[in-house]
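Student: just the structure for this:
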Amino acid sequence: MGATVADNRSEHRYEVSLDGEGVGFTLYRSRPGLIAFVHTEVAERHEGEGLGSTLIGGALDDVRARGLAVLPFCPFVNAYIERHPNYVELVPTQYRAEFGL
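Tutor: Now for the predicted structure:
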C-alpha cells in the first residue's frame, strides 16, 4: 500500500499515512489564495524513513495544483523548499528573503 498524503481540511493539516496508519502531519493556516505551514510532526518510530519529505512534497504538489501561495513558517517545510528549488516559486517574491529563499 505504501505512503499516502491527504489534506484533512477539517483539521487544517495534511496527513501522511503508511499502509493505512496515520504517521505524521503538517499543520497549516489558510486564507484565500494563501496557505501558511506552521508545524510538522512524524511519529518518532518512523523518523528517518523519508515520510516527512513525502508529506511535504505531497502537500506542496497539492497546493500548487490548487493555485495557492505558500508561507513556510515551519522550519521543516522551509528546509524542504530550500532543498527542492522547484517549489520556491510557491512563496511570494516579497516574502522569499524573510524565509531565506
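
Student: V42 against T26, yeah?
Tutor: No. Counting by Cβ atoms under 8 Å, V42 does not reach T26; the two are 9.5 Å apart. Glycine gets a C-beta too; all of them are placed from N, C-alpha and C.

Student: which one's more surrounded, those two?
Tutor: Just comparing V42 and T26: by other Cβ atoms under 10 Å the higher neighbour count belongs to T26, 26 against 22.

Student: now do the SS call for the more buried one.
Tutor: strand (DSSP: H, G, I helix; E, B strand; the rest coil).

Student: what strand or helix carries the closest residue to it other than its chain neighbours?
Tutor: Closest residue in space to T26, ignoring its immediate chain neighbours: T40 at 4.2 Å, by Cβ to Cβ, 6 or more residues apart in numbering. Per DSSP states H and E, T40 falls inside strand 34-42.

Student: that strand packs against which elements?
Tutor: strand 21-31, helix 51-65, strand 69-72, helix 75-83 (3 or more Cβ pairs under 8 Å, 6 or more residues apart in numbering; DSSP states H and E).

Student: tell me the contacts of the residue nearest the centre of the chain?
Tutor: Taking Cα atoms, centre = their mean, the centroid of the chain lies closest to I56, which sits 3.4 Å from it. Listed by Cβ atoms under 8 Å, 6 or more residues apart in numbering, the contact partners of I56 are 26, 37, 40, 76-77, 80.

Student: and these, which is closest to P92?
Tutor: When those are compared for distance to P92 (Cβ to Cβ), F37 wins out at 14.0 Å.

Student: if the closest one is in a bridge, with which residues?
Tutor: Note on F37: beta-bridge partners by DSSP bridges are Y28, P72.

Student: contacting residues for it?
Tutor: So F37 contacts 26-28, 56, 59, 70-74, 77 (Cβ under 8 Å, 6+ apart).

Student: please tell me how far L90 sits from G58.
Tutor: 14 Å (Cβ to Cβ, to the nearest Å).
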